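Student: The sequence and its predicted three-dimensional model are supplied below.
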Amino acid sequence: MSHHGERGVALALVVICIFVLSILAAAVYMLSQSNIASQEWNEERLQARYTAEGGCNLAVHMIIGGASVPGGDSTRLFIPQPPDSGWYEMPGEDMGLVMVVIDPDSDNASVAEGNAYGVRALGLEQAPDADYTYGVETMVIPENFARFATFLNQPPLGGFYGDGYRFDGPFFANGPICMWSGSASSDDDIWFYTFELASDYYYYSTGTASNPQSSPIYANLSVQPDERMVLGEPYWCLGVDPIPFGSGEVNWQDARDAAIAGGLYFPNGALPSGTRIIIKNDTLIVKTSSVAAEQDFYIGGLTNPVVWIDNNAGDQIFIKSMPPYVGGMTPTSPNGLSMGLTIGTNGSIVAFGPLQYYNRDIEDPNNDIMLGLLSVYGDFIIASDPDCSGSPDPWPDPWKSVTNSDVEYDCVVMVLDGDFHAVQYWLPYPAADFMIMGGYIVDTEGYTTEYYGPGNFGGYLTSIFYDIRLLSMHPPFFPQTGRWDTVYWEERPDLNEENIFWNRY
């Protein structure tokens with residue numbers, strides 16, 4: 001073979017290698033450019049996502065802070081003074097632009113009553129090659145005081161919660177409470193649905209500020225259900241932030257304003273102290289004295305189902321529903337309240353007999369009957385029954401006090417500056433049951449029971465049968481705690497300038 005042939009083959013191999021290497025180099029270059037472009041795309045999209053999240057968080061912060069929120073039948077732009085384009089430049093260096101809208105309730109009663117806000121945000125990152133967008137959506141709802149089975153602003157330390165107590169709804173106290181168990185078995189120990197204290201401890205004692213403890217299990221006490229309580233949050237929560245309370249802290253004026261604007265409003269002097277009110281379905285029957293004529297007030301057609309009594313702080317208003325009362329937990333009480341309602345007063349609210357809902361099936365999804373009772377400066381009081389002491393009752397039937405036996409009171413009652421007590425906490429004897437189907441929110445607790453020894457009580461053994469609807473509903477215009485819950489938070493990469501305005505609620 002000649003050397004010229006060998007050189008020709010070698011040249012051909014070199015050319016082939018150069019060609020293959022060129023293809024590989026081009027492929028590597030194209031892949032590199034693709035990766036760079038993909039990385040840039042991801043970075044821009046990621047920045048747009050962060051911008052959207054920042055805009056959503058800013059809007060929620062403004063709503064919680066009390067910013068005026070647009071409403072109506074169409075989704076509206078939000079964030080202060082947006083430019084004509086609707087885009088708002090986020091504070092900070094190169095944070096991008098954001099468009100934030102508030103989705104209205106569009107007369108959706110369940111959203112409006114919950115005072116929920118749907119917030120959508122679209123982040124925009126402008127790059128030399130293209131614009132990149134990304135969206136997020138959330139819904140926030142304020143916490144209502146009505147959700148608590150029991151709320152104590154200033155827990156009394158002269159008594160204690162012991163064996164047999166059951167709180168089958170959320171319990172909250174702005175300070176420590178006393179708990180104790182006298183039984184070796186945990187079967188009858190105090191039971192909580194959830195337990196929150198704005199304190200790092202409770203007192204294991206029978207009514208003294210001593211022996212602080214932080215565990216749900218101590219000595220003879222085993223807070224039930226113990227298998228859940230030992231898990232800690234969200235069941236057993238100590239050291240939480242306190243919730244501001246009292247007539248100067250809680251916004252109760254909205255309920256009063258609602259009554260004036262579209263409810264039933266009684267100005268000062270219209271209902272003197274001692275006035276008795278009987279609720280029958282959608283009517284209030286009012287009697288200002290034992291000899292006064294009855295007055296009927298139809299409340300079923302109120303624009304705002306709120307009744308406000310602008311009386312004096314020391315006045316008392318007596319409230320119950322019309323007999324016949326239905327015993328046990330039967331589905332209906334024919335003369336009970338048949339609508340959602342809030343009754344507010346400056347003075348005290350006195351229970352002078354059972355107060356029941358017409359539909360007492362709290363698991364009925366169509367049952368929206370719910371009562372809120374609100375006292376700004378007074379107390380929540382269980383009236384004495386003259387029959388317990390043998391005295392005559394000057395009021396005619398059905399206006400007599402009926403508290404000499406078990407009493408069921410269906411409502412959420414809130415007392416901003418006062419307590420919950422019985423006029424004669426030692427009577428009747430033996431003790432009767434005073435059951436609240438709902439919850440009570442009070443500044444502090446007074447006396448409802450006299451303890452005469454193990455298993456021997458006079459007065460009223462109070463208990464809460466929690467209305468589970470209160471976890472998601474509340475009486476109309478009932479006050480809020482100032483705490484907020486995020487119902488959901490989801491990424492919406494599909495959002496754009498058009499569909500961000502679609503009305504979903």
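Tutor: Yep, it's here. Residues are numbered from 1 along each chain as shown.

Student: Now do the strands in the stretch 251-400 of the chain.
Tutor: Along the stretch 251-400 of the chain, counting by DSSP state E, counting those that start in this stretch, strands occupy 264-266, 275-280, 283-287, 295-298, 306-309, 316-321, 341-345, 348-351, 371-375, 380-382.

Student: packing partners for the last one?
Tutor: In other words, strand 380-382. For strand 380-382, the packing partners by 3 or more Cβ pairs under 8 Å, 6 or more residues apart in numbering; DSSP states H and E come out as strand 348-351, strand 407-422, strand 432-445. Bear in mind the C-beta positions are built from the backbone N, C-alpha and C, glycine included.

Student: which one of the ones you listed lies closest to Pro156?
Tutor: strand 432-445 (5.3 Å; Cβ to Cβ).

Student: Now do the buried residues in the following helix or strand past that closest one.
Tutor: Counting by DSSP states H and E, the element after strand 432-445 in chain order, helix or strand, is strand 449-453. Within strand 449-453, the residues that qualify as buried are 449-450, counting by 16 or more other Cβ atoms under 10 Å.

Student: Repeat that for stretch 146-161.
Tutor: Neighbour counts over stretch 146-161 (16+ other Cβ under 10 Å) mark 146-153, 155-157, 159-161 as buried.

Student: can you list the residues you listed in TSV and add pLDDT?
Tutor: Shown next, in TSV, are the buried residues of stretch 146-161 (pLDDT from 0 to 100):
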residue	pLDDT
Ala146	94
Arg147	92
Phe148	95
Ala149	95
Thr150	96
Phe151	97
Leu152	97
Asn153	98
Pro155	95
Pro156	91
Leu157	91
Gly159	83
Phe160	87
Tyr161	89
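
Student: Tell me if I'm right that Asn174 and Val240 touch.
Tutor: No - using Cβ atoms under 8 Å, Asn174 is not in contact with Val240, being 9.5 Å away.

Student: rewinding a little: compare the helices and strands packed on strand 380-382 and give me the one nearest Val326.
Tutor: Comparing the helices and strands packed on strand 380-382 by their distance to Val326 (Cβ to Cβ), the top pick is strand 407-422, with 9.0 Å.

Student: packing partners for the closest one?
Tutor: Identification of packing neighbours for strand 407-422 by 3+ Cβ pairs under 8 Å, 6+ apart yields strand 348-351, strand 371-375, strand 380-382, strand 432-445, strand 456-465.

Student: what element comes up after the lowest-mean-pLDDT helix or strand in the chain heading to the C-terminus?
Tutor: Counting by mean pLDDT, DSSP states H and E, the weakest-scoring helix or strand in the chain turns out to be helix 109-114, with a mean of 49. Next helix or strand after helix 109-114 toward the C-terminus (DSSP H and E): strand 117-126.

Student: Helix or strand next in line after that following strand, which one?
Tutor: strand 131-144.

Student: ok, back up a step: export the strands of the stretch 251-400 of the chain to a markdown table and tack on mean pLDDT?
Tutor: As requested, the strands of the stretch 251-400 of the chain are arranged in a markdown table below (pLDDT from 0 to 100):
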| stretch | mean pLDDT |
| --- | --- |
| strand 264-266 | 98 |
| strand 275-280 | 98 |
| strand 283-287 | 98 |
| strand 295-298 | 98 |
| strand 306-309 | 98 |
| strand 316-321 | 98 |
| strand 341-345 | 97 |
| strand 348-351 | 98 |
| strand 371-375 | 98 |
| strand 380-382 | 98 |
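
Student: who wins for proximity to Gly246 among these?
Tutor: Of those, nearest to Gly246 by Cβ to Cβ is strand 371-375, at 12.2 Å.

Student: so where's the stretch 201-350 of the chain shaky on pLDDT?
Tutor: Along the stretch 201-350 of the chain, segments meeting pLDDT under 70 span 327-329.

Student: Counting neighbours, go ahead and name the busier of Asn174 and Val240.
Tutor: More crowded of Asn174 and Val240, by other Cβ atoms under 10 Å: Asn174, with 20 against 16.

Student: How about the contacts made by that one?
Tutor: By Cβ atoms under 8 Å, 6 or more residues apart in numbering, the contact set of Asn174 is 152-155, 198, 242-243, 245.

Student: Repeat the analysis, applying 6 Å as the threshold.
Tutor: Asn174 makes contact with 153, 198, 242, according to Cβ atoms under 6 Å, 6 or more residues apart in numbering.

Student: Including distance to Ser391 and secondary structure, could those go into a markdown table?
Tutor: Shown next, in a markdown table, are the contacts of Asn174 (distance: Cβ to Cβ, whole Å; DSSP: H, G, I helix; E, B strand; the rest coil):
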| residue | distance to Ser391 | secondary structure |
| --- | --- | --- |
| Asn153 | 35 | coil |
| Ala198 | 43 | coil |
| Pro242 | 44 | coil |
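
Student: what's near enough to touch the closest residue in space to Thr449 that isn't next to it in sequence?
Tutor: Nearest residue to Thr449 in three dimensions, chain neighbours excluded: Gly459, at 4.3 Å (Cβ to Cβ, 6 or more residues apart in numbering). Listed by Cβ under 6 Å, 6+ apart, the contact partners of Gly459 are 422, 425-426, 431, 448-450.

Student: And Asn367, by the same measure?
Tutor: Asn367 makes contact with 359, 361, according to Cβ under 6 Å, 6+ apart.

Student: Return the alpha-carbon coordinates of stretch 431-443 using PDB.
Tutor: Extracted in PDB, the C-alpha atoms of stretch 431-443 (Å, rounded to 0.1, in the frame of the first residue of the first chain):
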ATOM      1  CA  ALA A 431     -79.200  22.200  92.800                       C
ATOM      2  CA  ALA A 432     -80.800  22.500  89.400                       C
ATOM      3  CA  ASP A 433     -79.000  22.400  86.100                       C
ATOM      4  CA  PHE A 434     -78.500  25.600  84.100                       C
ATOM      5  CA  MET A 435     -77.500  24.500  80.600                       C
ATOM      6  CA  ILE A 436     -76.400  27.000  78.000                       C
ATOM      7  CA  MET A 437     -76.700  25.500  74.500                       C
ATOM      8  CA  GLY A 438     -74.100  27.800  72.900                       C
ATOM      9  CA  GLY A 439     -71.500  29.500  75.000                       C
ATOM     10  CA  TYR A 440     -70.700  32.400  77.400                       C
ATOM     11  CA  ILE A 441     -68.100  35.100  77.100                       C
ATOM     12  CA  VAL A 442     -67.600  37.100  80.300                       C
ATOM     13  CA  ASP A 443     -65.200  39.400  82.000                       C
END
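
Student: Could you name every residue contacting both of Asn174 and Val240?
Tutor: Common neighbours of Asn174 and Val240 (Cβ under 6 Å, 6+ apart) are Ala198.

Student: about what we covered before: buried deepest among the helices and strands packed on strand 407-422, which one?
Tutor: strand 371-375 (a mean of 27; mean count of other Cβ atoms under 10 Å).

Student: thinking again about what came up before, ok, so of the contacts of Asn174, who is nearest Gln295?
Tutor: Asn153 (35.2 Å).

Student: so can I have JSON lines of the helices and strands packed on strand 380-382 showing distance to Met179?
Tutor: Below are these laid out as JSON lines (distance: least, Cβ to Cβ, whole Å):
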{"stretch": "strand 348-351", "distance to Met179": "27"}
{"stretch": "strand 407-422", "distance to Met179": "19"}
{"stretch": "strand 432-445", "distance to Met179": "14"}
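
Student: what about Tyr204, neighbour count?
Tutor: For Tyr204, using other Cβ under 10 Å, the count is 19.

Student: so it makes contact with Tyr218?
Tutor: Yes - under the criterion of Cβ atoms under 6 Å, Tyr204 is in contact with Tyr218, at a separation of 5.4 Å.
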